[in-house]
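Participant: Got a predicted structure here, sequence first:
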Amino acid sequence: MTISSAHFLRRTAASCFVPLLLTLGCDDIKKSAELKSAEMIGDIAAERLASAGETERAANDLINVPIEVRQLHDVVWQVRGVANTQLVATSEGHVVFDTGLATQAAKQRRLLGEAVPGKITHVILSHSHQDHAGGTDFWTEDGTEIVAHQEYPEEQRYLKELEPYLWHRNRTLFPFMPEEPPNIGFLEYGNVVPTVLVDDGDVLRFEQGGVKFEVIPTPGAEGVDNLSLWLPDQKIFFSGDFFGPLFPQFPNIFTMRGEKIRKPIEYIRSLDTVIALEPEMIVPSHNDPIEGREGIKAALIKMRDAVQYVHDEVIAGMNAGKTVHQLMAEISLPPELELSQVHGRVSWGVKSIWEYYATWFHFDTTTELYPVPASAVWSEVRELAGADALVARANAHIEAGRPIEGLHLLEFVLADGNDHRAGLEARKGVLEELLEESQQGLNNSYENDWLRYRLRDTAARLGEELEGESESGSG
Ligand SMILES: [Zn+2]
């Protein structure tokens, strides 16, 4: 296979974190369930998503990936799915990298087991997200080592403790998720207990059946517990979600979904580590592999330089006394570093780097120090100014190409559940405009998901149902 530019800029925007979207309707499943019933649950969830509305399009891109086996190299196999599972075959047993979603893993395990029979000696987990670790139970047998990053248990702890909060936020963006997290042992965070932990700065090296393996910590991408797998003889790099769902792209330095901070400099250092390896093939755990040493190297350097550029511009701006909002507006990638922002977004990268260094107090207003937000007085301002006057001014801003100024004024109009019809219609209009602009522009999937959520909310307050949205998708 040769590499094509299409490989480098696939437009299949999809969440790199795939929520437990495939757990719909699996109340009766237990850890001891037959593989067959787990497969069936996966099929039900797939059908449900396939019939869902426009909102679910990003998730649908991945759910439409067939569960099928393919051989990528002499010793490398993959079973595809929402998240792929990779298998390196050796005469002394196989090494598995990532275990997919619990609801797809049974079928993935069966198909790959049929194609490449043999015992599984190691399961290596790229990170904590359930689309990468959720199927682990299906891949382990007596004596299988489960290899994870030193920080994996801690990531599991906080993801479990904050599950209600994170579930709510994810469900806001991905309304097809069930209302409540599944209360099923093997789908829960913390269920997978690694037997081998790899710390930052260490590389776990082993040789098995004549194949050399290097398990390399690459923190800073999807979280602090990122591990990658490198086959030095084959020059194949298994990346998990290290690059996100596209390659190359501007990364999600840290995500607006709301997880722990991801460190920008760690990400740059991890990219340096990968650049030095000079991979000839990258195998991500979503979508297709990428081949070609020179093309991969150039793309990796571009990603690293883009993150470094944004980082350095934020530092310079902070030292020059600029506000975070000024920098969000001012900083953009120079033409030679242009990258897709379908997943990560430069202006959010600016904000996250700022807050990584400066944390929560922006030195803007005294009120930041106290638990009374500006929104506490929005309805008072509305009373003083008059809702109609505020809507008129908001519309003037919107018509003059200042939609965000318009949205600010509409917050006063609609505060405290005030369903002012003209205000709601104005908000619906501006949200539609922003969504259209986003889709024609950066097409960032998270921005689109948020705008769709606010559109649903606004339409509901107007007593309308949005076109293409239906109850069927909001389980
Ligand atoms: Zn993922």
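Facilitator: Thanks, I have the structure now.

Participant: how much space is there between residue 381 and the ion?
Facilitator: Residue 381 is 43 Å from the ion, where distance means C-beta to the ion, to the nearest Å. Just so you know, the C-beta spots here come from the backbone N, C-alpha and C atoms, and that holds for glycine as well.

Participant: what's the burial count for that residue?
Facilitator: Residue crowding around residue 381 was assessed by other C-beta atoms under 10 Å; the count is 15.

Participant: what pLDDT does it get?
Facilitator: We note a pLDDT of 98 for residue 381 in this prediction.

Participant: do the same with the one 3 residues further on
Facilitator: What the model reports for residue 384 is a pLDDT of 98.

Participant: Show me what the helix or strand it falls within is packed against.
Facilitator: Element membership of residue 384 [criterion: DSSP states H and E] is helix 378-385. Counting contacts by 3 or more C-beta pairs under 8 Å, 6 or more residues apart in numbering; DSSP states H and E, helix 378-385 is packed against helix 403-414.

Participant: Could you tell me how many residues sit around residue 429?
Facilitator: Neighbourhood size, residue 429 [other C-beta under 10 Å]: 16.

Participant: same for the one helix or strand it maps to, what does it pack against?
Facilitator: Under the criterion of DSSP H and E, residue 429 resides in helix 421-440. Applying 3+ C-beta pairs under 8 Å, 6+ apart, one finds that helix 421-440 makes contact with helix 387-399, helix 403-414, helix 445-461.

Participant: Quick check: which of those helices is nearest to the ion?
Facilitator: Nearest to the ion among those is helix 445-461; the distance by C-beta to the ion comes to 12.9 Å.

Participant: Please see if that closest one touches the ion.
Facilitator: No. In terms of C-beta under 5 Å from the ion, no part of helix 445-461 sits within range of the ion; the closest distance is 12.9 Å.

Participant: so how far is that helix from its chain's centroid?
Facilitator: How far helix 445-461 lies from its chain's middle: 18 Å, per C-alpha atoms, centre = their mean, to the nearest Å.

Participant: quick one: buried residues of it?
Facilitator: Neighbour-count burial for helix 445-461, counted by 16 or more other C-beta atoms under 10 Å, picks out 445-456, 458-459, 461.

Participant: Next: stretch 125-143.
Facilitator: 125-140.

Participant: Please list the members of those that lie in strands.
Facilitator: Within the buried residues of stretch 125-143, no residue falls in strands by DSSP state E.

Participant: nearest to residue 292, of these?
Facilitator: Nearest to residue 292 among the buried residues of stretch 125-143, counting by C-beta to C-beta, is residue 126 at 22.3 Å.

Participant: so how many other residues sit close to residue 308?
Facilitator: 17.

Participant: can I assume it is in contact with residue 268?
Facilitator: Yes. Taking contacts as C-beta atoms under 8 Å, residue 308 lies within contact range of residue 268: 5.6 Å.

Participant: re earlier: got the helices and strands packed on helix 421-440 as TSV, with mean pLDDT columns?
Facilitator: Converted to TSV, the helices and strands packed on helix 421-440 look like this (pLDDT from 0 to 100):
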stretch	mean pLDDT
helix 387-399	98
helix 403-414	98
helix 445-461	95
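
Participant: Among the ones you listed, which comes closest to residue 189?
Facilitator: helix 445-461 (21.9 Å).

Participant: Which one of the residues in the stretch 301-450 of the chain is closest to the ion?
Facilitator: residue 343 (10.8 Å).

Participant: how about stretch 212-229, does it get close to the ion?
Facilitator: No. Judged by C-beta under 5 Å from the ion, stretch 212-229 stays clear of the ion, getting no closer than 7.0 Å.

Participant: buried residues in that stretch?
Facilitator: Applying 16+ other C-beta under 10 Å to stretch 212-229 flags 213, 215-229 as buried.

Participant: hang on, the earlier thing: any idea which of the buried residues of stretch 125-143 is closest to residue 385?
Facilitator: When those are compared for distance to residue 385 (C-beta to C-beta), residue 129 wins out at 45.8 Å.

Participant: Against residue 82, how distant is the closest one?
Facilitator: Residue 129 is 11 Å from residue 82, where distance means C-beta to C-beta, to the nearest Å.

Participant: Check residue 305 too.
Facilitator: Taking C-beta to C-beta, one finds residue 305 at 31 Å from residue 82.

Participant: hmm, back to that, might one say that the residue of the stretch 301-450 of the chain closest to the ion is in contact with residue 447?
Facilitator: No. Counting by C-beta under 8 Å, residue 343 sits too far from residue 447 to count as a contact (10.7 Å).

Participant: what does the helix holding residue 384 contact?
Facilitator: Helix 378-385 is contacted by residues 390, 411-413, 415-416, 418 when judged by C-beta atoms under 8 Å, 6 or more residues apart in numbering.

Participant: farthest pair in those residues?
Facilitator: Longest span within the contacts of helix 378-385, C-beta to C-beta: 390 and 416, 14.0 Å.

Participant: Which one of the two is surrounded by more residues?
Facilitator: Counted by other C-beta under 10 Å, residue 390 and residue 416 do not tie: residue 390 has more neighbours, with 24 against 10.

Participant: quick one on the thing from earlier: number of nearby residues for the residue of the stretch 301-450 of the chain closest to the ion?
Facilitator: Residue neighbour count, defined by other C-beta under 10 Å, stands at 23 for residue 343.

Participant: give me the number of residues near the closest residue to it other than its chain neighbours?
Facilitator: Leaving aside its chain neighbours, residue 343 sits nearest to residue 244 (4.4 Å; criterion: C-beta to C-beta, 6 or more residues apart in numbering). By other C-beta under 10 Å, 26 other residues sit near residue 244.

Participant: do the same with residue 201
Facilitator: By the measure other C-beta under 10 Å, the count of residues near residue 201 is 7.

Participant: Then the one 3 residues further on?
Facilitator: If you count neighbours by other C-beta under 10 Å, residue 204 ends up with 19.

Participant: For it, give me phi and psi.
Facilitator: Backbone torsions of residue 204, given as degrees, to the nearest 10, read phi -90, psi 110.

Participant: And it, how far from residue 94?
Facilitator: Counting by C-beta to C-beta - residue 204 and residue 94 are separated by 17 Å.

Participant: how about low-confidence regions in the stretch 1-150 of the chain?
Facilitator: 1-60 (pLDDT under 70).

Participant: swap the cut-off to 80 and go again
Facilitator: Where the stretch 1-150 of the chain drops to pLDDT under 80, the residues are 1-61.

Participant: So which residues of it form strands?
Facilitator: 69-73, 76-79, 85-88, 94-97, 120-124, 145-149 (DSSP state E, counting those that start in this stretch).

Participant: same thing with the stretch 151-300 of the chain?
Facilitator: Using DSSP E, counting those that start in this stretch, strands in the stretch 151-300 of the chain cover 196-198, 204-208, 211-217, 227-231, 236-240, 281-284, 290-291.

Participant: which secondary structure elements does the shortest one contact?
Facilitator: Contacting strand 290-291 under the criterion 3+ C-beta pairs under 8 Å, 6+ apart are the following elements: helix 5-8, strand 281-284.

Participant: just checking, residue 283 touches residue 242?
Facilitator: No. In this structure residue 283 lies outside contact range of residue 242 using C-beta under 8 Å: 11.0 Å.
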